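Undergrad: Predicted model, plus sequence, below.
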Amino acid sequence: MSSGNDPECKLIRPAQAYDGKQGFSYVEGISAETTGSTGIAMMLLTVPPGGRAKAHLHEAHETAIYVLSGEATTYWGAELENATVTRAGDMFYIPAGVPHLPVNTGTEPCSAIIARTDPREQESVVLLPELDGVVPN
């Protein structure tokens, strides 16, 4: 029996897209705005071939990525000196505060589910324009 104040499960059928500070368009999913979540956000991202984000980090929030299709290279580190290629079926973890810049280096769109410990998702994004030119186009 519910008291009326119990938390409720919520179904989200993603339909709306929004533009993130990072330069990508995300399909809305789980967030403080859509469900009232307090500790997590989850969204869908599809990056066209050659698409790239702006260099950025997420202050105090971790990111987990599951690649559904395609492939991307994420440059990461203080000077974006590291590169990790992710492909369909891979999971990738980005610790809080780590600068990164993902690029779709493949010939197909790259789609991924992204989960972040920031329920407001865009609030913790810090752009790092001084690193944008480190990774060639």
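TA: Thanks, I have the structure now. Residues are numbered from 1 along each chain as shown.
Undergrad: how close does the nearest residue to M91 once chain neighbours are set aside get to T74?
TA: Excluding its sequence neighbours, the residue lying closest to M91 (CB to CB, 6 or more residues apart in numbering) is Y66, at 5.3 Å. Yep, even glycine has a C-beta here, placed from its N, CA and C like the rest. Separation of Y66 from T74 (CB to CB, to the nearest Å): 14 Å.
Undergrad: Comparing those two, which residue is more hemmed in?
TA: Taking neighbours as other CB atoms under 10 Å, Y66 and T74 compare with T74 leading, 19 against 16.
Undergrad: Tell me how many other residues crowd V85.
TA: V85: 12 neighbours (other CB under 10 Å).
Undergrad: If it is in a bridge, with which residues?
TA: Applying DSSP bridges to V85 gives these bridge partners: T73.
Undergrad: and what of R52?
TA: According to DSSP bridges, beta-bridge pairing links R52 with V103.
Undergrad: got the contact list for it?
TA: Taking CB atoms under 8 Å, 6 or more residues apart in numbering, we find R52 in contact with 23, 101-104, 135, 137.
Undergrad: Nearest to D6 among these?
TA: Distances from D6 to those, taken as CB to CB, are shortest for P102 (38.9 Å).
Undergrad: and the closest one, how far is that from S124?
TA: 17 Å.
Undergrad: I am finished for the moment; much appreciated.
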